[in-house]
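Visitor: What shape does this take:
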Amino acid sequence: MSQEPENSQKEAYSEITIRLPERIVRRFDELKEQWGLERRGAVMERLLDEIFEEAKDNPKS
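Guide: As a prediction, this is how the structure comes out:
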């Protein structure tokens, strides 16, 4: 069973297209495998959730 983000069934989504260097795409594929995810988009979502959560927990004065 994959570990897709919990909110993937509860939120409305928009599609975006991004252009990335191959080295980053390869890293996404490594993380996808490591985290048991099925899509590169799920990797991006997980990374962004982590960044935004850290920002919320550590606001700058």
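
Visitor: how about Met44, what does it touch?
Guide: Ile18, Phe28 (C-beta atoms under 8 Å, 6 or more residues apart in numbering). To be clear about C-beta, it is placed using only N, CA and C from the backbone, and glycine gets the same treatment.

Visitor: Please report how far it lies from Lys32.
Guide: The gap separating Met44 from Lys32 is 10 Å, by C-beta to C-beta, to the nearest Å.

Visitor: This structure: helices as residue ranges?
Guide: 22-35, 40-57 (DSSP state H).

Visitor: Just the buried residues of the last one, please?
Guide: For helix 40-57, burial by neighbour count (16 or more other C-beta atoms under 10 Å) applies to Gly41, Ala42, Val43, Glu45, Arg46.

Visitor: Could you tell me the angle between that helix and helix 22-35?
Guide: 90 degrees (axes from the mean of the first three to the mean of the last three C-alpha atoms, to 10 degrees).

Visitor: how distant is helix 40-57 from the center of its chain?
Guide: What separates the centre of helix 40-57 from the centre of its chain is 6 Å, taken as C-alpha atoms, centre = their mean, to the nearest Å.
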